[in-house]
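1. Here you go, sequence then predicted model.
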Amino acid sequence: MDSQMDYHSAKALLAWQIELGATEAIGDRPINRFEAPAPRRAAPVATPAVAMAADPVAAARGAAAAAGDLAALREAMGAFEGCNLKHSARSLVFADGRPGARVMVIGEAPGRDEDIQGKPFVGRAGQLLDRMFAAIGMDRAAPDLEAALYITNILPWRPPQNRDPNPEEVAMMLPFVERHVELAAPDFLVLMGNHSCQALLGRKGITRLRGTWTQALGRPALPMFHPAYLLRTPSAKRAAWHDLLMLQARMRGAP
């Protein structure tokens, strides 16, 4: 009997592993880490990094406050060592679109495609987001700031296997998000999904929150269904269209 796996089975298994987040080949044989010798550990040294680890939120707040513009903020986030996600992700996903746009979209965290390309909302959910906003005449690449979008996430690094962000990760990255909004200075925020609402409003339950204007970081904010949810639940697209029309009306000056 031929022990070689056929092409289609091998391809299906590879696609399944990629979907789980295994996007890089480390070796051709499995390794039992429990049988490996324990690594030697150096004696702890009192350094500024140790102090930061004791209070990463305070360190993040100081680094964010010191950033005078968006380029400096991106550099500060790249240099921040308090969040372990940095060491498992491939890319820092900072933002995309037009700084200075009237609308700033805030999602939750990068996925596989975003981690590869280093830009937010570029996978299937991002393609749907682009189509949604195009329906009301808006585009992340629009030269006119009135029609442009500026897009970011609560977390700049992809959580392993696309798991949900945990509260500690959100807390330490929130000062960077707050400074990001301050420097980008949008007129309106669109909070995509439960995790961005939890981070910026302190509330979850997107089904109840969506469709109602609120305030976040001193700006009018509109919670909306995340495009990934709309891909799983097409029946919710009607509510998303309603929310897009609400945003369009608000931008045109309707109360």
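-> Thanks, I have the structure now.

2. For the helix ranked longest in the chain, list every residue counted as buried.
-> For the chain, the longest helix by residue count, based on DSSP state H, is helix 167-184. Of the residues in helix 167-184, those buried under the neighbour-count criterion (16 or more other C-beta atoms under 10 Å) are 169-170, 172-181, 183-184. All C-beta spots, glycine's among them, are computed from the backbone N, C-alpha and C.

3. which secondary structure elements does it contact?
-> Counting by 3 or more C-beta pairs under 8 Å, 6 or more residues apart in numbering; DSSP states H and E, the packing neighbours recorded for helix 167-184 are helix 56-66, helix 70-79, strand 103-107, strand 149-153, helix 194-201.

4. May I see these arranged in a markdown table, with mean neighbour count, distance to Gly211 and mean pLDDT as well?
-> A markdown table is the format used below for the helices and strands packed on helix 167-184 (neighbours: other C-beta atoms under 10 Å; distance: least, C-beta to C-beta, whole Å; pLDDT from 0 to 100):
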| stretch | mean neighbour count | distance to Gly211 | mean pLDDT |
| --- | --- | --- | --- |
| helix 56-66 | 17 | 31 | 96 |
| helix 70-79 | 16 | 31 | 98 |
| strand 103-107 | 26 | 16 | 98 |
| strand 149-153 | 25 | 20 | 98 |
| helix 194-201 | 23 | 13 | 96 |
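
5. Out of those, which gets nearest to Met251?
-> Of all those, the one in closest proximity to Met251, counting by C-beta to C-beta, is strand 103-107 (7.4 Å).

6. quick revisit: following the chain onward from the longest helix of the chain, which element is next?
-> Moving toward the C-terminus from helix 167-184, the next helix or strand (DSSP states H and E) is strand 188-192.

7. quick one: that following strand to strand 103-107, angle?
-> For strand 188-192 against strand 103-107, the angle between stretch directions is 20 degrees (axes from the mean of the first three to the mean of the last three C-alpha atoms, to 10 degrees).

8. check contacts around the closest residue to Ile206 other than its chain neighbours.
-> Distances taken as C-beta to C-beta, 6 or more residues apart in numbering put Asn194 closest to Ile206, at 4.9 Å, once the chain neighbours are dropped. In this structure, Asn194 makes contact with 108, 204-206, 226, judged by C-beta atoms under 8 Å, 6 or more residues apart in numbering.

9. which one of these sits closest to Glu75?
-> When the contacts of Asn194 are compared for distance to Glu75, the smallest value, 23.1 Å, is given by Glu108; criterion: C-beta to C-beta.

10. you'd agree that closest one is up against Ile154?
-> Yes: between Glu108 and Ile154 a contact is recorded at 5.5 Å, counting by C-beta atoms under 8 Å.
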